[in-house]
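1. Mind folding the following:
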Amino acid sequence: MALEIVKKVSSAILFLTTNPIGYAIDGSLLILFVIFTLARSLRRERLLAMAAGTPLSGAQKFFVCLDELGRLFAALAANLPVLLVVAVLSVSVVAIGETVKKVESSLEAASRIKELQTVLRNLERSLKVAEIRVLSTQNDRTTFEITFFDPANQQSIAETKTISIDGRDIYIDAIVLNFDYSEIASGRRVNIAIPYRVFSDVVPQINGISLGGVDSKGIPYMFHRADDDIYGIAPEVYRERLAELIKISSNESSARSAGIVRSLYGSALHRRVSAGDRFELRVEQTGGLTLRERFPF
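-> The predicted model follows:
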């Protein structure tokens, strides 16, 4: 409670002494004080003049104001030591308040990094990302259906997409998030691969087709976790930090400033396919992708 009061007082002092609006407030209060003091002195002198039966002339009003201003400056000079003590105390309060804020900010940053590290540990596991079913390979053009799964709900399909691409040799490309030099990795080697496009022996990598596999917030389904499947962190905090991690990773400049290296998968998964082929796309705990054959035709 005391620290909160110190922070609020510190913020108020900084606002009044470093902000243009604060300067305006300070000046306005000073002007109002001077006007109030002069008005009170003029009223007193007017009442005395009325009691004596003589009007208060303009010159007398001027000298009254001049005298009152002199009194104000004299009082200010007399109380200068007190004002200096108040100024020193104000600076001390500001210093304490800023120190408290820095300590709290450091603690929050440490807590945030620890939470992000826990999110990474939850992501480091082997699981099935999607199933691929080749529908046709007519006229040297491959059409396949990719079905994505949501680890948070194993009983339902997250997304199904049909993709047609020229060629028979199909390549699954991925983005790899490398955390080797990031604070988040806590000294461990951490790579996470996210499948994101398909190309072929005819369609070059740069012209590949997006696979999809992300929810409305841009988070890959493969990163979803059921509440009971999340360990070391509260489910709501996991989802909040996961969204933050994806946001950082999706912007190359932000990712690099956070120590996260984004790169294309060094050796895209490759299969020559035929109609009826079925494959299981998996992400491995080591940070790679595998394509396993299922129910061969």
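2. got a pLDDT number for the residue nearest the centre of the chain?
-> Centroid check for the chain by C-alpha atoms, centre = their mean gives residue 244 as the closest residue, at 6.3 Å. For residue 244, the model assigns a pLDDT of 87.
3. Kindly report the same for the one 3 residues further on.
-> With respect to pLDDT, residue 247 has a value of 85.
4. State the distance from it to residue 218.
-> In this view, residue 247 and residue 218 are 8 Å apart by C-beta to C-beta, to the nearest Å. For glycine as for every other residue, the C-beta is placed from the backbone atoms N, C-alpha and C.
5. Just want to know which of the two has more residues nearby.
-> residue 247 (14 against 10; other C-beta atoms under 10 Å).
6. Tell me how far the more buried one lies from residue 145.
-> Counting by C-beta to C-beta - residue 247 and residue 145 are separated by 30 Å.
7. just residue 257 next, same as before
-> Residue 257 is 39 Å from residue 145, by C-beta to C-beta.
8. more crowded one of these two?
-> Per other C-beta under 10 Å, whichever of residue 257 and residue 145 has more neighbours is residue 145, with 14 against 10.
9. Okay, and the beta partners of that one?
-> Using DSSP bridges, the bridge partners assigned to residue 145 are residue 133, residue 162.
10. which ones are touching it?
-> Contact analysis of residue 145 by C-beta atoms under 8 Å, 6 or more residues apart in numbering lists 132, 133, 135, 160, 161, 162, 163.
11. roughly how far apart are it and residue 168?
-> Distance check for residue 145 against residue 168: by C-beta to C-beta, it reads 17 Å.
12. Same check on residue 254?
-> 39 Å.
13. more neighbours, the two?
-> Set side by side, residue 254 and residue 168 show more neighbours around residue 168, with 17 against 12, by other C-beta under 10 Å.
14. pretty sure the more buried one contacts residue 272?
-> Yes. The pair residue 168 / residue 272 is scored as a contact, 5.7 Å apart, by C-beta atoms under 8 Å.
15. Hmm, residue 241 and residue 230 touching each other?
-> No. Judged on C-beta under 8 Å, residue 230 makes no contact with residue 241 at a distance of 11.0 Å.
16. Could you check which of those two has the larger neighbour count?
-> Between residue 230 and residue 241, counted using other C-beta under 10 Å, residue 241 has the larger neighbour count: 22 against 19.
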